[in-house]
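*Asks:* need a 3D model of the sequence below.
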Amino acid sequence: MIEHPPLGSTVLGYPRIGPDRELKRAVERYWAGESSAATLRSTAADLRRATRAELSGLGSVPGNTFSYYDQVLDAALAVGAVPPRFASLADGDPLDLLFAMARGAEGVPALEMTKWFDTNYHFLVPEIGPDTEFSLRQRTAVEDFTEGLADGVVTRPVLVGPVTLLLLSKGTVPDFRPLDRLADLLPVYAQLLAELKAAGAVWVQLDEPAFAADRTSEELDALSRAYAELGGLTDRPALLVAGYFGPVGPALPVLAEAPIEGIALDLVAGAADLDTAATLAGLRDKTVVAGVVEGRNVWRVAPDRALAAAATLLGAAGRVEIGSSCSLLHVPYDAARETALPAALRDRLAFAREKVAEVVLLGRALAGEQVDDELAAARAVADRSVERHEEVRERLAVLGTEFYGRPDGPVRARAQADELRLPSVPTTTIGSFPQTGPIRRDRAAYRAGRIDAAEYQQRMRAEIERVVRLQEDLGLDVLVHGEPERNDMVQYFAEHLDGFATTEHGWVQSYGSRCVRPPILYGDVARPEPITVGWSTYAKSLTDRPMKAMLTGPVTILAWSFVRADQPLGDTAFQVALALRDEVTDLETAGLRIIQVDEPALRELLPLRAADQPAYLDWAVNSFKMATGAVADTTQIHTHLCYSEFGEVVGAIDGLDADVTTVEAARSKMEVLDELGPGVTRALGPGIYDVHSPEVPDVATMVELLRAARSVIGPERLWANPDCGLKTRGDAETTAALRNLVAAAAAVRAD
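*Replies:* Numbering: from 1, shown residues only. Okay, the predicted model is just below:
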């Protein structure tokens, strides 16, 4: 064991986008060529400095939690896991290499992107093969640490752990397992730890959240070997290994026996680890960080419950410190700024700054300080009740499973073919069109009262008509209205449903420069009036082609909101589904014969442990079927999923019983269809245009992807569409890409 001072209360990470999304704006200006790399780096340095100041009251300040795009991509770059196709950028500005791997470059596809466990954060998937040459290529962690020292702060560098890095990576050749390269990777980590010690680091945090999921004995053995080797080094700082997003279960005894100094446990999602920890003799010489302040939701901590959980460890561990359950990356910065929220609700909220204060308070209480008045105030806020809607509860109480079902898929397919008369390989988009500057300014002007409702509606209708005419000109078969009135696919609905509140400054990073403001679901959910019917009806009136109405599904609305914690998540899902069912029925009554209910978060909320998954999938599937089950056979229900490991939920995707399912597939070059093709029995639209890259694919590339898809699922089930909505793209590239998409579909149709 390494000599080390006490750790003190701490958090496992902190937001990095800036309270006002300073990083997002700086990065996007750099991408647009409007500012220099030096300007971007200066903004980043200011944000890091501000974060260290925010966290100065903690016993240990996490460092190296900043990223220009994604921490997993940073880890891959640090250890030299750079695919050969990026070799031409290897000797240039590291920023350009990083952004090329994240977004692609001319003729060079980006790394794949998927969800970070069961969160709405997305990470870039490293590519590792038998020939990957590991080396300490970038020393960002050391640079961040020395930057903190210059400000007088000794930080605790945070690194993605070596085993999790390999488990999250993709093999570059068939049947190759990146985990087989562990022995080659560990010396690079050893070198980095030695350099951090030489720079003055006392503690280093290694994140191993992969072990909150089910793992094989071989993977547990890899964890044991990794920390036996790293812990056995003499030239290193003290090691804190963090597991989060659930109980680490069988990995906890492995870590307890490893020659490391500390373990951080998620005691919110992983409270089951408490029972295991109490029996482990190996913890008696270790520091255990009790993650009792939730890092993924925004409610104030219940102090008595949190302290009781931490106190359970006092007899088992050498030292117990209070911490956050995971990084605070997943919550906004400061609840005190939300002055437009009702005070009674705002007082119940804890964003990142408030959570740091909670960690400090609970740490003082655990240490025996007299903080009774502060604990009493925290207790009073945490115990407040939520709003109930009795009519909604009464409707749900009388509904049975017959409420959800529709006739068999083939029956519906024949009815829809007669009704819609679409060609083979129909073309469509996922829903949104570019959110241009004028559109955003018009929405801002309406919110600020600078234009009235009539003027706002006129401007939005003008944009809808422009988008409809564009789609007609391009030759798309199924049109959309483009969603100019929607700020976000979840927030928009939250603003129109009872039981939700939305924030002004509650931004959270989703991926790269993409930020979202998750709504806060604090009470029972109800729909006071139709939400989308007016916009969709107007769009339908402009064209003779089929118009698709767009809704966000119940699971995704929950996944991308901060949800009440006082009732089971499934109960809340059915409340949202009931509201959406009424919206779907009104859309059908208004003449919309194609209705898309997006569920991109279906896989995201899947519990990490297999034993917990069936119950989740049951209510997730049934909530979607509740929302969509009242329509006629002639009404075609679509759904959309993106950036997830679809194979793990293919049965549930088919169980949604949508008539058409569109999925992200371009970056993986249709690999997802190996499992989805046979598993989803109705129509499929695998994306052939990667909307998260600025590159416009040519017709030949799209034709190749469509033909690959056709070979798996057959021509009669095939649709042609982008990977995802076009909200973040520009007008020119969108038009060019969709023109190529229509031409590609025509070529495949002609086959």
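
*Asks:* could you pull out the strands for the stretch 1-150 of the chain?
*Replies:* 61-63, 113-115, 122-124, 127-128 (DSSP state E, counting those that start in this stretch).

*Asks:* out of the helices and strands in the protein, which is least certain?
*Replies:* helix 673-679 (a mean of 80; mean pLDDT, DSSP states H and E).

*Asks:* gap between the next helix or strand after that helix and the chain center?
*Replies:* As assigned by DSSP states H and E, the chain's next helix or strand after helix 673-679 is strand 683-686. Strand 683-686 sits 23 Å away from the centroid of its parent chain (CA atoms, centre = their mean, to the nearest Å).

*Asks:* contacts for the next helix or strand after strand 683-686?
*Replies:* Using DSSP H and E, the helix or strand that follows strand 683-686 in sequence is helix 699-713. Residues from elsewhere that reach helix 699-713 (CB atoms under 8 Å, 6 or more residues apart in numbering): 425, 665-666, 669-670, 673-674, 677, 684, 686, 688-689, 718, 720, 740-741, 743-745, 747-748, 751. Where you see a C-beta, it was placed from the backbone N, CA and C, and this is true even at glycine.

*Asks:* report the buried residues of the helix or strand harbouring residue 469.
*Replies:* Taking DSSP H and E as the definition, residue 469 sits inside helix 453-474. Buried residues in helix 453-474, counted by 16 or more other CB atoms under 10 Å: 456-457, 459-461, 463-465, 467-468, 470-471, 474.

*Asks:* just stretch 582-592 next, same as before
*Replies:* 582, 583, 584, 585, 586, 587, 588, 592.

*Asks:* try stretch 159-173
*Replies:* So, applying 16+ other CB under 10 Å, buried residues of stretch 159-173: 159-172.

*Asks:* can you check stretch 44-55 too?
*Replies:* Those would be 44, 47, 48, 51, 52, 54, 55, for stretch 44-55 by 16+ other CB under 10 Å.

*Asks:* residues contacting the fifth one?
*Replies:* In this structure, residue 52 makes contact with 61, 63, 148, 151, 153, 155, judged by CB under 8 Å, 6+ apart.

*Asks:* make it 6 Å
*Replies:* 148, 151, 153 (CB atoms under 6 Å, 6 or more residues apart in numbering).

*Asks:* can you map out the helices along the stretch 501-650 of the chain?
*Replies:* Using DSSP state H, counting those that start in this stretch, the helices of the stretch 501-650 of the chain run over 533-541, 554-559, 569-589, 613-628, 650-655.

*Asks:* nearest to residue 247, of the ones you listed?
*Replies:* With CB to CB as the measure, helix 613-628 is the member of the helices of the stretch 501-650 of the chain nearest residue 247 (14.9 Å).

*Asks:* tilt between the closest one and helix 569-589?
*Replies:* Taking axes from the mean of the first three to the mean of the last three CA atoms, to 10 degrees, one finds that helix 613-628 is oriented at 20 degrees with respect to helix 569-589.

*Asks:* can you point out the buried residues in helix 613-628?
*Replies:* 613, 616-617, 619-628.

*Asks:* with respect to residue 327, which of the residues you listed is nearest?
*Replies:* residue 616 (23.3 Å).

*Asks:* for residue 739, see how far away the closest one is.
*Replies:* The gap separating residue 616 from residue 739 is 41 Å, by CB to CB, to the nearest Å.

*Asks:* with residue 614 instead?
*Replies:* Residue 614 is 45 Å from residue 739, by CB to CB.

*Asks:* what do you get for residue 215?
*Replies:* 47 Å.

*Asks:* between the two, which one's more packed in?
*Replies:* Taking neighbours as other CB atoms under 10 Å, residue 215 and residue 739 compare with residue 215 leading, 20 against 16.

*Asks:* does that one lie in a helix or a strand, and which?
*Replies:* Using DSSP H and E, residue 215 falls outside every helix and strand.

*Asks:* from residue 121, how far off is it?
*Replies:* 21 Å.

*Asks:* cool, and residue 96?
*Replies:* From residue 96 to residue 121 the distance is 24 Å (CB to CB).

*Asks:* cool, and residue 542?
*Replies:* From residue 542 to residue 121 the distance is 38 Å (CB to CB).

*Asks:* so who does the closest residue in space to residue 282 that isn't next to it in sequence touch?
*Replies:* Of all residues beyond its chain neighbours, the one nearest residue 282 is residue 256 (3.3 Å), with distances taken as CB to CB, 6 or more residues apart in numbering. Contact analysis of residue 256 by CB under 6 Å, 6+ apart lists 280, 282, 283.

*Asks:* next one: residue 7
*Replies:* So residue 7 contacts 60, 287, 321 (CB under 6 Å, 6+ apart).

*Asks:* most neighbours among the residues you listed, please name it.
*Replies:* residue 321 (28 neighbours).

*Asks:* which SS class is that one?
*Replies:* strand (DSSP: H, G, I helix; E, B strand; the rest coil).

*Asks:* rewinding a little: just send the buried residues of helix 613-628 back as JSON lines, with pLDDT and distance to residue 133 too.
*Replies:* Output for the buried residues of helix 613-628, formatted as JSON lines (pLDDT from 0 to 100; distance: CB to CB, whole Å):
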{"residue": "613", "pLDDT": "95", "distance to residue 133": "38"}
{"residue": "616", "pLDDT": "96", "distance to residue 133": "41"}
{"residue": "617", "pLDDT": "96", "distance to residue 133": "41"}
{"residue": "619", "pLDDT": "95", "distance to residue 133": "47"}
{"residue": "620", "pLDDT": "96", "distance to residue 133": "43"}
{"residue": "621", "pLDDT": "95", "distance to residue 133": "45"}
{"residue": "622", "pLDDT": "94", "distance to residue 133": "50"}
{"residue": "623", "pLDDT": "96", "distance to residue 133": "48"}
{"residue": "624", "pLDDT": "96", "distance to residue 133": "46"}
{"residue": "625", "pLDDT": "95", "distance to residue 133": "50"}
{"residue": "626", "pLDDT": "94", "distance to residue 133": "53"}
{"residue": "627", "pLDDT": "96", "distance to residue 133": "50"}
{"residue": "628", "pLDDT": "96", "distance to residue 133": "50"}
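
*Asks:* okay, the residues you listed in JSON lines with distance to residue 357 next?
*Replies:* Below are the buried residues of helix 613-628 laid out as JSON lines (distance: CB to CB, whole Å):
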{"residue": "613", "distance to residue 357": "36"}
{"residue": "616", "distance to residue 357": "33"}
{"residue": "617", "distance to residue 357": "38"}
{"residue": "619", "distance to residue 357": "35"}
{"residue": "620", "distance to residue 357": "35"}
{"residue": "621", "distance to residue 357": "40"}
{"residue": "622", "distance to residue 357": "40"}
{"residue": "623", "distance to residue 357": "36"}
{"residue": "624", "distance to residue 357": "39"}
{"residue": "625", "distance to residue 357": "43"}
{"residue": "626", "distance to residue 357": "41"}
{"residue": "627", "distance to residue 357": "39"}
{"residue": "628", "distance to residue 357": "44"}
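
*Asks:* good, we can wrap up now.
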